[in-house]
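S.K.: sequence first, predicted coordinates after that:
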2 protein chains.
Amino acid sequence: MEKKAVVVLSGGMDSASLLYWAKANYKTVSAISINYGQRHSKELDCARTLCGLTDVEYDVVDLSSIKSLLKGNALTDNIEVPEGHYESSSMKLTVVPNRNMLLLSVALCSACVKDADVVLYGAHFGDHAIYPDCRKEFVEALDKASRLCWYKEIKIVAPFVDKTKTDIARLGTELGVQFEHTWSCYKGEEKHCGKCGTCVERIEAFSDSGIEDITEYAE
Amino acid sequence: MEKKAVVVLSGGMDSASLLYWAKANYKTVSAISINYGQRHSKELDCARTLCGLTDVEYDVVDLSSIKSLLKGNALTDNIEVPEGHYESSSMKLTVVPNRNMLLLSVALCSACVKDADVVLYGAHFGDHAIYPDCRKEFVEALDKASRLCWYKEIKIVAPFVDKTKTDIARLGTELGVQFEHTWSCYKGEEKHCGKCGTCVERIEAFSDSGIEDITEYAE
């Protein structure tokens, strides 16, 4: 068992499951979230709750000034969040350019300071179609850079990179993840909208895995 | 000639020379600086002046909240800046963990949005002894990740990675860099202190290259 892991935690289903997986596989776990100017903070509220439930040290880093660089993007800009299936081309509007290298870089800063051995990253197979920086090749390349960036080798590990979201719903359930404290919807209203790409994906993951979906949807 | 370059600009001698080199080698050049909670803003003031002189579009991104993660570091924390030669082990105090991956990640976000072809990075040979993320192997590994992070291949190029600071002083002079508008000193007082590692390196670079050093030093 490796000693110390830093989990990149968004507060969604995947990184919540990763947090519980980390607790089962590492001696010491901490988590980090980045505020990159998301339109809502529901995910970050969930991330904090999950860290409380798992008794994990939690940091949030405010990178919201990056927003000025990220124009034309539905997650940080004033563009309507597209509805429909996750893999449709309109979903490209939800891609924050190079977001994941940025998140992982910040997590690596934290890992250097905490003398951690590994940064855990929740990219999964279903992300590949739309997000180039969720692909295995990207993770492998960044892992190589990560091992060279500091006086000690720090790895980047993405244990779900070959898993579907359905696999993750099953695994998370086995690990005891309280999915009611996770947030997926891009819109960030009172309830999950049930219509945006990530809501559609969430609904499918629970349905396909045969796990009861206790999420409250607007419709 | 490739079309568009984004220069990571600190306002020091190396990245100033890189900016002028970029102007000579790319059709469109923009520059980006990151405020990561440095103890002083002299470098950033110089960066802005240099962009005005070269007529280059300039962005500053405020990542100063990262400071809370970076404890025990002389550049961002309240530790005395060590004096003496750049390669001495006390200079390790001036290393911001994983700083350069962070800077390059932000520059890559900008490059994605600007549809740029390359991010230019001013790491040079003299940095290798102390900064792991200035080594050629690191640049090569991050370049691979960079080419995979977005829908188009964006390269990371470090044209000075095999050059000494003396080479850079010569090259910058040929390119017309106004070195009076560059800042090296870690202390950020009215004049360069002339004693800290980066001042010692600056003095040596001018002296070894036979170029007149017009910097005003405190002593």
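M.R.: Cool, the structure landed.
S.K.: using the three-state scheme, assign A:Val6.
M.R.: strand (DSSP: H, G, I helix; E, B strand; the rest coil).
S.K.: residues in contact with it?
M.R.: Taking CB atoms under 8 Å, 6 or more residues apart in numbering or on different chains, we find A:Val6 in contact with A:29-32, A:107, A:110-111, A:114, A:116, A:118-120. In short, each C-beta sits where N, CA and C put it, glycine included.
S.K.: that one pairs with what?
M.R.: Assessed by DSSP bridges, A:Val6 has beta-bridge partners A:Ser30, A:Val119.
S.K.: how close does it sit to A:Ser30?
M.R.: For A:Val6, the distance to A:Ser30 equals 5 Å [CB to CB, to the nearest Å].
S.K.: need the overlap of contacts for the two.
M.R.: Shared contacts of A:Val6 and A:Ser30, counting by CB under 8 Å, 6+ apart, come down to A:110, A:114, A:116.
S.K.: pretty sure the last one contacts A:Glu153?
M.R.: No: in this structure, A:Ala116 is not within contact of A:Glu153 by CB atoms under 8 Å, at 11.1 Å.
S.K.: higher neighbour count, those two?
M.R.: Between A:Ala116 and A:Glu153, counted using other CB atoms under 10 Å in any protein chain shown, the more crowded position is A:Ala116 (24 against 12).
S.K.: now chain A, which segments are flagged as low pLDDT?
M.R.: For chain A, the stretches with pLDDT under 70 are A:1-2, A:39, A:70-96, A:128-129.
S.K.: helices of that one, start to end?
M.R.: For chain A, the helices defined by DSSP state H occupy A:13-25, A:42-54, A:99-114, A:136-148, A:165-175, A:197-209.
S.K.: out of the ones you listed, nearest to B:Leu69?
M.R.: helix A:99-114 (5.1 Å; CB to CB).
S.K.: what's the closest one packed up against?
M.R.: If contacts are counted by 3 or more CB pairs under 8 Å, 6 or more residues apart in numbering or on different chains; DSSP states H and E, helix A:99-114 sits against strand A:4-8, strand A:28-35, strand A:118-120, helix A:136-148, helix B:99-114.
S.K.: tell me which of the helices of chain A sits most buried.
M.R.: helix A:99-114 (a mean of 26; mean count of other CB atoms under 10 Å in any protein chain shown).
S.K.: got the CA coordinates for that helix in PDB?
M.R.: This file holds the C-alpha atoms of helix A:99-114, laid out as PDB (Å, rounded to 0.1, in the frame of the first residue of the first chain):
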ATOM      1  CA  ARG A  99      -8.900  22.300 -17.400                       C
ATOM      2  CA  ASN A 100      -7.700  18.900 -16.300                       C
ATOM      3  CA  MET A 101      -4.000  19.700 -16.700                       C
ATOM      4  CA  LEU A 102      -4.600  22.800 -14.700                       C
ATOM      5  CA  LEU A 103      -6.500  20.900 -11.900                       C
ATOM      6  CA  LEU A 104      -3.800  18.200 -11.900                       C
ATOM      7  CA  SER A 105      -1.000  20.800 -11.700                       C
ATOM      8  CA  VAL A 106      -2.600  22.400  -8.700                       C
ATOM      9  CA  ALA A 107      -3.100  18.900  -7.100                       C
ATOM     10  CA  LEU A 108       0.600  18.200  -7.800                       C
ATOM     11  CA  CYS A 109       1.600  21.400  -6.000                       C
ATOM     12  CA  SER A 110      -0.300  20.200  -3.000                       C
ATOM     13  CA  ALA A 111       1.200  16.700  -3.400                       C
ATOM     14  CA  CYS A 112       4.800  18.200  -3.400                       C
ATOM     15  CA  VAL A 113       4.100  20.100  -0.200                       C
ATOM     16  CA  LYS A 114       2.400  17.200   1.500                       C
END
